[in-house]
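*Asks:* build me a model:
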Amino acid sequence: MNDWTRLITTRTGFRFTVRPVSLADEPGLTDLFTHVSHDDLRFRFLSGLNVVGHDRIVALAAVDHEATENFLAFDAESGAMIASGMLACDPKLERGEVAISIHEDYKGRGVAWELLAHIARYAEAKGVNVLESIESADNHVAIDLEREMGFTAAPYPGDATLVLVSRKLGPAAA
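*Replies:* Below you'll find the predicted structure:
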């Protein structure tokens, strides 16, 4: 696959670079997740997690770059890691689940919107048919953003506290 490193400018004029993760990013990921709010950690991991442990950080850095990709966003000015956007696909690359975390100081600048759009383009280029996310029903900000981007929301089967948001990609979307 092509190099998916990009310089992105959000609608607010904020500029950041996005690129696939490497093993060398483990310390940066550890630092990033100390700057993600407790509510956002709960929404990202769907648990009462207060600290992202070493094993999870390793899993975020050691992806296969085939069925799983983690895109990292960096402030174009300072170089600070500001976000992580994980895409995990099924073995046939038919469905991909996305999860995004944003450094709390960079929320409200359009980073989540542009990172999700980048991941959707990447997933579509890989041939993924459906992009989805499992959200806490309390995560109204994420659900609203995803709806604005063409995702539909439905109750998650068997768990009233969760919502499944999904969007068809590529030819299946037509």
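*Asks:* just checking, what packs against the helix or strand bottoming out on mean pLDDT in the chain?
*Replies:* Least confident helix or strand of the chain, by mean pLDDT, DSSP states H and E, is helix 38-45 with a mean of 82. Where contact means 3 or more C-beta pairs under 8 Å, 6 or more residues apart in numbering; DSSP states H and E, helix 38-45 is packed against strand 95-102, strand 130-136. C-beta: built from backbone N, CA, C; applies to glycine.
*Asks:* out of the ones you listed, deepest packed?
*Replies:* strand 95-102 (a mean of 22; mean count of other C-beta atoms under 10 Å).
*Asks:* that strand pairs with which strands, and in what direction?
*Replies:* strand 81-89 (antiparallel), strand 130-136 (parallel) (DSSP bridges).
*Asks:* quick check: angle from the helix ranked longest in the chain to strand 81-89?
*Replies:* If you go by DSSP state H, the chain has its longest helix at helix 111-126. Angle, helix 111-126 to strand 81-89, by axes from the mean of the first three to the mean of the last three C-alpha atoms, to 10 degrees: 30 degrees.
*Asks:* quick check: buried residues in helix 111-126?
*Replies:* Neighbour counts over helix 111-126 (16 or more other C-beta atoms under 10 Å) mark 111-116, 118-120, 122-124, 126 as buried.
*Asks:* just these now: which is nearest residue 3?
*Replies:* residue 122 (11.2 Å; C-beta to C-beta).
*Asks:* I'd say the closest one and residue 87 touch.
*Replies:* Yes. Look at residue 122 against residue 87 with C-beta atoms under 8 Å: they come within range, at 6.9 Å.
*Asks:* between the two, what contacts are shared?
*Replies:* Common neighbours of residue 122 and residue 87 are listed as 69, 71 (criterion: C-beta atoms under 8 Å, 6 or more residues apart in numbering).
*Asks:* against residue 15, how distant is residue 99?
*Replies:* Distance from residue 99 to residue 15, counting by C-beta to C-beta, to the nearest Å: 24 Å.
*Asks:* mind listing what's buried in stretch 51-68?
*Replies:* In stretch 51-68, counting by 16+ other C-beta under 10 Å, buried: 52, 57, 60, 61, 63, 67, 68.
*Asks:* and those residues as CSV, adding secondary structure, pLDDT and distance to residue 145?
*Replies:* Formatted as CSV, these follow (DSSP: H, G, I helix; E, B strand; the rest coil; pLDDT from 0 to 100; distance: C-beta to C-beta, whole Å):
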residue, secondary structure, pLDDT, distance to residue 145
52, coil, 87, 22
57, helix, 94, 25
60, helix, 94, 21
61, helix, 96, 26
63, coil, 96, 24
67, coil, 95, 25
68, strand, 96, 22
